[in-house]
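Trainee: Below is the sequence, then the predicted model.
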Amino acid sequence: MHENEISAIILDASIKIHRTLGPGLLESVYENVLAYELRKRGLIVEQQKPLPVFYEDVKMEIGFRLDLLVNDKVIVELKSVEELHRIHYKITTNYLKLSKKKLALLINFNVDLLKDGFHRIVNNL
């Protein structure tokens, strides 16, 4: 399955969750519910996936974790904040580069309409 197909499923599931639960809950709630919903739809979901950093060919386990990695192709970074800041985009972009994946979704559930909180970030896609 291509990244864009996976992204469409994630968007649809996220909209369903947002309509059902609404904004304002903890990120961990959205993470667990989204992981459940995606698995229900047949996708492979890894939660809190460790992301090592390689520096001068040395692997360093320094505590980065992806909120969700879907089908080993799409990174999902979840937020439940009043407003996304540039640093949220930069962190997500760095996760893409470090993991060598092509697509990440930065989703802020703390919005009135989920379309305002759904952002695609690409790396050579």
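Mentor: Cool, got the structure.
Trainee: What pairs with the helix or strand containing residue 105, parallel or antiparallel?
Mentor: Using DSSP states H and E, residue 105 sits within strand 103-108. Its sheet considered, strand 103-108 pairs with strand 74-79 (parallel), strand 118-122 (antiparallel) by DSSP bridges.
Trainee: helices and strands around the helix or strand hosting residue 31, which ones?
Mentor: Taking DSSP H and E as the criterion, residue 31 maps to helix 27-40. Secondary-structure packing of helix 27-40 (3 or more CB pairs under 8 Å, 6 or more residues apart in numbering; DSSP states H and E): helix 3-21, strand 45-55, strand 58-70, strand 74-79. Glycine gets a C-beta too; all of them are placed from N, C-alpha and C.
Trainee: out of these, nearest to residue 86?
Mentor: Between residue 86 and the helices and strands packed on helix 27-40, the shortest gap by CB to CB is with strand 74-79, which sits at 13.2 Å.
Trainee: And the closest one, what's buried?
Mentor: 74-79 (16 or more other CB atoms under 10 Å).
Trainee: And residue 71, how far from residue 39?
Mentor: Distance of residue 71 to residue 39, computed by CB to CB, to the nearest Å: 11 Å.
Trainee: same thing with residue 77?
Mentor: Per CB to CB, residue 77 is found 19 Å from residue 39.
Trainee: Can you give me the neighbour number for residue 101?
Mentor: For residue 101, the neighbour count with other CB atoms under 10 Å is 20.
Trainee: So it belongs to a helix, correct?
Mentor: No - the assignment for residue 101 by DSSP: H, G, I helix; E, B strand; the rest coil gives coil, which leaves it out of any helix.
Trainee: Surely it and residue 75 touch.
Mentor: Yes - in terms of CB atoms under 8 Å, residue 101 counts as a neighbour of residue 75; the distance is 5.6 Å.
Trainee: Name the residues contacting each of those two.
Mentor: 69, 95 (CB atoms under 8 Å, 6 or more residues apart in numbering).
Trainee: ok, the closest residue to residue 39 other than its chain neighbours - contacts?
Mentor: Nearest non-adjacent residue to residue 39, counting by CB to CB, 6 or more residues apart in numbering: residue 45, 5.4 Å away. Contacts for residue 45 (CB under 8 Å, 6+ apart) come out as 35, 38-39, 68-70.
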